[in-house]
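> quick one, fold the following:
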Amino acid sequence: QLQLVESGGGLVQPGGSLRLSCAAFGFSLDYYTITWFRQAPGKERDGVTCIEFTNTYYADSVKGRFTISRDNAKNTVYLQMNSLKPEDTAVYYCAADHGCHLGPPAGSESWGQGTQVTVSS
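Reported below is the predicted structural model:
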């Protein structure tokens, strides 16, 4: 069974940075696309970036500020978030699937439990 564990969330001031991690257990990330989704209170879950082999894709809302990367040796995907804004506040989830799904989930993803990111002064 695919198991994903996110970590690295927290409280940060506007303009600050955080790095989230998504560690995989029980399977190799090499064969999956990993997407970072986020869900703010009262809003739908939304994919903001994904990595498919060495290809990366970003939603306009995070382009130029967020960077997704993978370390196959550690079986982990990272999300480096810079220049954070209050509107980035959300629970961030990583998900494994075959194919990149920015925007709404496809329904075929395997999910982690999520990590809270709060951007506030």
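
> okay, residue 90 and residue 112: tell me how far apart.
Per C-beta to C-beta, to the nearest Å, residue 90 is found 14 Å from residue 112. The way it works is simple: take the backbone N, C-alpha and C, and place the C-beta from them, glycine included.

> let me fix that: residue 104
Per C-beta to C-beta, residue 104 is found 18 Å from residue 112.

> the two - which one has more neighbours?
Remark: of residue 104 and residue 112, residue 112 carries more neighbours, 23 against 11, as counted by other C-beta atoms under 10 Å.

> nearest spatial neighbour of that one, chain-adjacent residues omitted?
Leaving aside its sequence neighbours, residue 112 sits nearest to residue 4 (C-beta to C-beta, 6 or more residues apart in numbering; 3.6 Å).

> need the contact list for the residue nearest the centre of the chain.
Residue closest to the average C-alpha location in the chain (C-alpha atoms, centre = their mean): residue 36, at 2.4 Å. For residue 36, the contacting residues are 20, 22, 47-50, 66, 68, 77, 79, 92-95, by C-beta atoms under 8 Å, 6 or more residues apart in numbering.

> what do you get for residue 112?
With contact set as C-beta under 8 Å, 6+ apart, residue 112 has these partners: 4, 5, 6, 22, 93, 94, 95.

> same deal with residue 26?
1, 2, 3.

> just the buried ones among these, please.
The neighbour count (16 or more other C-beta atoms under 10 Å) marks residue 2 as buried among those.

> make CSV out of the contacts of residue 26 and add pLDDT.
Shown next, in CSV, are the contacts of residue 26 (pLDDT from 0 to 100):
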residue, pLDDT
1, 75
2, 83
3, 93
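
> which SS state does the residue nearest to residue 72 when sequence neighbours are not counted fall under?
Ranked by C-beta to C-beta, 6+ apart and with sequence neighbours excluded, the top spatial neighbour of residue 72 is residue 30, at 5.7 Å. Here residue 30 is recorded as helix under DSSP: H, G, I helix; E, B strand; the rest coil.
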